[in-house]
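Undergrad: Sequence plus the predicted model coming up.
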Amino acid sequence: MFVAWRDLRFARGRFLLIGAVVALITLLVGFLAGLTGGLASQNVSAVLGLPGDRLVLQDPASGSPSFGTSEIDAKAVQDWRDAPGVSSVLPVGIAQGRAQLGGTGSGSESVGSASPAGSAGSAGASGSAGSSATSSGSPVGVALFGFPAQSGSGERTDLTRLAPAKDDEVGLSAGAAKDLGASVGDRISVAGSVYRVSKVGGEAWYSHTPVVAMTPASWQTASERMGGSGGDAVTVLAVSGSPDWDAVASSTKTVAQPTLTSLGALETFKSEIGSLGLMIAMLFGISALVVGAFFTVWTMQRAGDIAVLKALGATTGSLVRDALGQALVVLVLGIGVGLALVVGLGTLAGGALPFLLSPLTTALPAVIMAALGLAGAAFALRSVTSADPLTALGSHR
Amino acid sequence: MIQLDNITLTFPDGDSRITAVDRVSLTARSGSVVGITGPSGSGKSSLLAVAATLIRPGSGRVLIGDGAEAIDAAALSAKEATALRRERIGIVFQQSNLIPSLTAREQLFAMAELGGTRAARSARRTAIRARTDELLDAVGLSDHAGKRPSQLSGGQRQRVAIARGLVHDPDVLLIDEPTSALDQERGAEIMALIARLAHERGTATLLVTHDLVHSAALDELVTVVDGRIEARESISARALAA
């Protein structure tokens, strides 16, 4: 690195320029990654919070399994419970609707239902769980999760801890409590029924709406009013154990997938992550290209010096180490500055945007940037390895 | 000492081959300066490249060192030849070919950083750093040690290149047209400097030149024409005859 360090100092303008470009690309990648992470969290954190080894969705006659259309009837639920190797089954109903602090919630569609919002549940009829109340807050979009409170030694997550004990109660995720302006003891209305807030828990989001947890009975009532098919069907099963997954799934016309895989059954998640992920991938590619192009031109400009050093006895290995070391210095400094900007600006933006600051959205993209940048710089090494020391003799430079 | 023994070098030329160097033998003893001259295309630079291990000859030997310790550089692998250049051969190019980002002192320090094992680099670093100031003083550039090539004149750059060629205390110094970019006065200074340093340090020096004005600084002048040695002249004999 003797010559490399001095080259960095000597041509600092050029290296500052490429360092600034790397920093800006890192800022872009970091911001997109943070935004993607934030949006993903708002999309699927409740699904990720479901317990169990696999999530079971209805296997439709045509098309792919979908959280929006999945309906698993009581028989299928029982078949899963009875399957050898299954240790626990948590049936979960999911629907999206609106809730309102203190008032009668206007209806909305169940997940995937074609019913227009407000067409099904606005009758104002008192539900079995609660009574009508006077409106006092603005309607807020929420995801209604219906599942029984976990008892015994069952696996507990932030989501399952929200489950209320009684049918006239709901548990609010932090986002729902904030959006509704509700706290424990307050009353909210959902699909024409009024519920008492029994718990406020951590963050849990589904398809960009905060989660409101209900008992299965309350959820079925609310879902039916919002246009759901009613009855005892649920949306998804969280299954633990080690059964013959394929055999049970086949016999119950369901599919059982690991939680992360099952996120593909959430259409909004797929399209959102797909487009943002493509942007990030393109930025990674651009970064490798820019760094590679810079170091290719830089190394070509130095071809004469490299030939001289080789003629004087420099090994190709030492020259390659110098070139890659130089690239690494530029990348580390550029990425470091970019990362600092991401953390700073991300912290500021976190209040207004769904922005996730975590090693997954900062350190990982930074490491990928550095690796791809080095790969780009490695393309320039051909000029180093192929430089002919003979050209130094009699050359006119 | 460097001894070129019956060197032949050919290059492909279409379907045939042209002979650039034809059975040339010459010797530069330790502390002597042997000049190689001849018209353009006569093969003198090819001969220097063979001596520098940058081209492997078709036949012949390049013996570096004295007596039984001499090694045949023409028989070395590319990796061994690189190590030989790093440790036992100094090269001064036609243009000074200094690294633009390095000061005069760093040009010499850089010779310690060219590769090899960590221990070898460390040992070279210590030796070279100890020798640098003395050499810069010897070439008259003590006051310019912190200057980069762009801040030095052509003659000063060539002096730095000579100091760089000698800083690792090589057995052999190979010099290609050292005065071609200099005026006559500076050329004479450089030639005198080369002769003095070669004699003082006991370095066997081969010098390619087409400029016979400064041949008085040489111990021997070999004239090459069409790849063959046409004449050998001992300068001291000429001086005695004069």
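TA: Cool, got the structure. Numbering: from 1, shown residues only, chains lettered A, B, ... in the order given.
Undergrad: low-scoring stretches of chain B, by residue?
TA: B:236-242 (pLDDT under 70).
Undergrad: So which bits of it are right by chain A?
TA: B:45, B:48-49, B:52, B:54-55, B:79, B:82-87, B:89, B:91, B:93-95, B:97, B:99-102, B:106, B:109-116, B:148, B:164, B:176-177 (CB under 8 Å from any CB of the partner chain). Placement of C-beta: from N, CA and C, glycine included.
Undergrad: Which of these fall within strands?
TA: B:Ile89, B:Ile91, B:Asp176 (DSSP state E).
Undergrad: circling back: please list only the buried members of the residues of chain B next to chain A.
TA: B:45, B:48-49, B:52, B:54-55, B:82-87, B:89, B:91, B:93-95, B:97, B:99, B:101-102, B:106, B:109-116, B:148, B:164, B:176-177 (16 or more other CB atoms under 10 Å in any protein chain shown).
Undergrad: which residues touch stretch A:289-308?
TA: A:3, A:7, A:11, A:14, A:18, A:21-22, A:25, A:319, A:323, A:326-327, A:330-331, A:372-373, A:375-381, A:383-384, A:387-392, A:395, A:397, B:93, B:97, B:99-100 (CB atoms under 8 Å, 6 or more residues apart in numbering or on different chains).
Undergrad: swap that for stretch A:328-348, please
TA: Taking CB under 8 Å, 6+ apart as the rule, stretch A:328-348 contacts A:4, A:8, A:15, A:18-27, A:29-31, A:34, A:291, A:355, A:357, A:362, A:366, A:369-370, A:373-374, A:377.
Undergrad: Check stretch A:265-273 too.
TA: A:36, A:39-40, A:43-44, A:47, A:57, A:64-68, A:70, A:207-208, A:257, A:263-264.
Undergrad: repeat that for 7 Å
TA: With contacts defined as CB atoms under 7 Å, 6 or more residues apart in numbering or on different chains, stretch A:265-273 is touched by A:36, A:39-40, A:43-44, A:47, A:57, A:64-68, A:207, A:263-264.
Undergrad: circling back: can you select the buried ones from the contacts of stretch A:289-308 in ChimeraX?
TA: Selection of buried members from the contacts of stretch A:289-308 for ChimeraX, criterion 16+ other CB under 10 Å:
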select /A:3,7,11,14,18,21,22,25,319,323,326,327,330,331,372,373,376,377,378,379,380,381,383,384,387,389,390,391,392,395,397 /B:93,97,99
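Undergrad: Now intersect the contacts of stretch A:289-308 with the strands, please.
TA: Among the contacts of stretch A:289-308, no member is found in strands (DSSP E).
Undergrad: The contacts of stretch A:289-308 in helices, which ones?
TA: A:3, A:7, A:14, A:18, A:21-22, A:25, A:319, A:323, A:326-327, A:330-331, A:372-373, A:375-379, A:381, A:383-384 (DSSP state H).
Undergrad: Please flag which of the buried ones among the residues of chain B next to chain A sit within helices.
TA: B:Ser45, B:Leu48, B:Ala49, B:Thr82, B:Ala83, B:Leu84, B:Arg85, B:Arg86, B:Glu87, B:Glu106, B:Phe109, B:Arg164.
Undergrad: Out of these, which is nearest to chain A?
TA: Using CB to the nearest CB, B:Arg86 is the member of those that sits closest to chain A, with 2.7 Å.
Undergrad: So that closest one versus B:Thr103, what's the distance?
TA: 21 Å (CB to CB, to the nearest Å).
Undergrad: got a pLDDT number for the residue of chain A found nearest chain B?
TA: Here the residue of chain A nearest chain B is A:Gly313; by CB to the nearest CB that distance is 2.7 Å. A:Gly313 is assigned 91 on the pLDDT scale.
Undergrad: Can you report phi and psi for it?
TA: phi 120, psi 10 (degrees, to the nearest 10).
Undergrad: What about it, how many residues nearby?
TA: Here the number of neighbours of A:Gly313 (other CB atoms under 10 Å in any protein chain shown) works out to 26.
Undergrad: measure B:Ser180 to B:Asp211 for me?
TA: Distance, B:Ser180 to B:Asp211, by CB to CB: 7 Å.
Undergrad: Helix, strand, or coil at the spatially most central residue of chain B?
TA: With distances taken as CA atoms, centre = their mean, B:Leu174 lies nearest the centre of chain B, 1.1 Å away. What DSSP: H, G, I helix; E, B strand; the rest coil gives for B:Leu174 is strand.
Undergrad: what about the strands in the stretch 1-150 of chain A?
TA: All strands of the stretch 1-150 of chain A, identified by DSSP state E, counting those that start in this stretch, fall at A:54-58, A:86-101, A:140-146.
Undergrad: Run me through the strand neighbours of the shortest one, direction for each.
TA: In the sheet, strand A:54-58 lines up against strand A:236-241 (antiparallel), strand A:254-257 (antiparallel) (DSSP bridges).
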